[in-house]
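> Have a look; sequence and predicted model below, questions after that.
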Amino acid sequence: MSQWCLRLSAALLLGVPLAAGAQPAAVPRVGFLWDGPRGAEGHAEEGLRKGLRELGYVEGQNIVIEYRYAEERTERLPQLVAELVRLPVSVLVTLGGPATRAAKEGTSTIPIVASSGFLAELAVSSVGVLFTAGRMTPVSWEAYPPVGAALGLRLRRFPVGRPEELDSAFEAMSRAGIDALVVWPGGVPVALRARVAQLALRYRLPAIHEERAFAAAGGLLSYGPDVAEIWRRIATYVDRILKGARPGDLPVEQPTKLHLVVNLRTATALGLTVPQALLLHADEVIR
């Protein structure tokens, strides 16, 4: 089986300093923004709440978290950002690229703390990159072709405008001779993970994603940070900003532990033999 290598960075800090002389509100409000559906990323919300509790913040007592979900309709994000700005909130916490971009475009005065990840390297010959149209910016893609070329890889993008276009995207990958599939981090709605995994199996494409939920849904591999732990760390950034720290002075953190999940059922269905060394390094093996 081909060797996969993934590097991720997380807990990207964005935003601007608090105005000179500004003091945190007695009961601060924190905005939580995501373009996905309510409850689908509960590990993020719970990780944030847990991290805040460890720092002495109890939701509904000495801190208020305003949750806003676009329900997979990214065109709603600017309106949701405007609602949070009007409240106002002291800090905006965003999940995923579309929410982060909308927050940056919607305010120049409220600090933004965002979780983010990116794929940097993998070793297969011809790789398809699947994403929903609008969830990948030209800038975020720019670094990938040179990395692929340096590794002898051919990377091709396969955007999907609507859920019903997934089948045709996989047919296009098959015609193009794609050997393996990378699901762009945050690039496919949560509701479509299982469908993507099913199609990858049908077209016999080893597929990797950064989140465990993808492997659990039938993808071959997931490799990425513990999402709940990232959100616990994000809570510390919220705490420091609420206490008056300048966002620009806070460091960008990277996860210290990446979790590898291997779905052996999928490997067997694809006719792949997973090296024992990889299994020994896996944090979880789905049998």
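Looks like it arrived, so ask away. Residues are numbered from 1 along each chain as shown.

> what about the helices in this protein?
Secondary structure of the chain (DSSP state H): helices located at 42-54, 77-86, 97-106, 138-142, 144-150, 166-175, 193-202, 212-216, 227-242, 264-269, 276-281.

> Export those to a markdown table and append columns for distance to residue 132 and mean pLDDT.
All C-beta atoms are positioned from the backbone trio N, CA, C, and that covers glycine. Listed next are the helices of the chain as a markdown table, based on distance: least, C-beta to C-beta, whole Å; pLDDT from 0 to 100:
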| stretch | distance to residue 132 | mean pLDDT |
| --- | --- | --- |
| helix 42-54 | 19 | 84 |
| helix 77-86 | 14 | 95 |
| helix 97-106 | 10 | 84 |
| helix 138-142 | 13 | 63 |
| helix 144-150 | 17 | 68 |
| helix 166-175 | 10 | 91 |
| helix 193-202 | 10 | 89 |
| helix 212-216 | 14 | 85 |
| helix 227-242 | 19 | 87 |
| helix 264-269 | 22 | 90 |
| helix 276-281 | 29 | 76 |
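
> okay if I get the ones you listed as TSV plus mean neighbour count and distance to residue 34?
Output for those, formatted as TSV (neighbours: other C-beta atoms under 10 Å; distance: least, C-beta to C-beta, whole Å):
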stretch	mean neighbour count	distance to residue 34
helix 42-54	18	8
helix 77-86	18	9
helix 97-106	22	5
helix 138-142	11	18
helix 144-150	14	24
helix 166-175	16	22
helix 193-202	19	15
helix 212-216	22	15
helix 227-242	21	12
helix 264-269	16	28
helix 276-281	11	31
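
> what would those look like in JSON lines with distance to residue 61?
Output for those, formatted as JSON lines (distance: least, C-beta to C-beta, whole Å):
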{"stretch": "helix 42-54", "distance to residue 61": "10"}
{"stretch": "helix 77-86", "distance to residue 61": "21"}
{"stretch": "helix 97-106", "distance to residue 61": "26"}
{"stretch": "helix 138-142", "distance to residue 61": "39"}
{"stretch": "helix 144-150", "distance to residue 61": "45"}
{"stretch": "helix 166-175", "distance to residue 61": "44"}
{"stretch": "helix 193-202", "distance to residue 61": "35"}
{"stretch": "helix 212-216", "distance to residue 61": "31"}
{"stretch": "helix 227-242", "distance to residue 61": "14"}
{"stretch": "helix 264-269", "distance to residue 61": "45"}
{"stretch": "helix 276-281", "distance to residue 61": "43"}
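
> of all these, which lies closest to residue 128?
Set against residue 128 and scored by C-beta to C-beta, those come closest in helix 166-175, at 4.6 Å.

> and that closest one, what does it pack onto?
When contacts are defined as 3 or more C-beta pairs under 8 Å, 6 or more residues apart in numbering; DSSP states H and E, helix 166-175 packs onto strand 154-160, helix 193-202.

> Out of these, which is closest to residue 33?
Here helix 193-202 is closest among those (C-beta to C-beta), at 20.9 Å.

> Show me what that closest one is in contact with.
With C-beta atoms under 8 Å, 6 or more residues apart in numbering as the test, helix 193-202 has contacts from 130, 163, 166-167, 170, 181, 183, 188, 206-207, 209, 213-214, 217-220, 266, 269-270.

> next one: stretch 52-59
Here stretch 52-59 has contacts from 49, 62-63, 65, 232, 235-236, 238-239, using C-beta under 8 Å, 6+ apart.

> Understood, closing this out.
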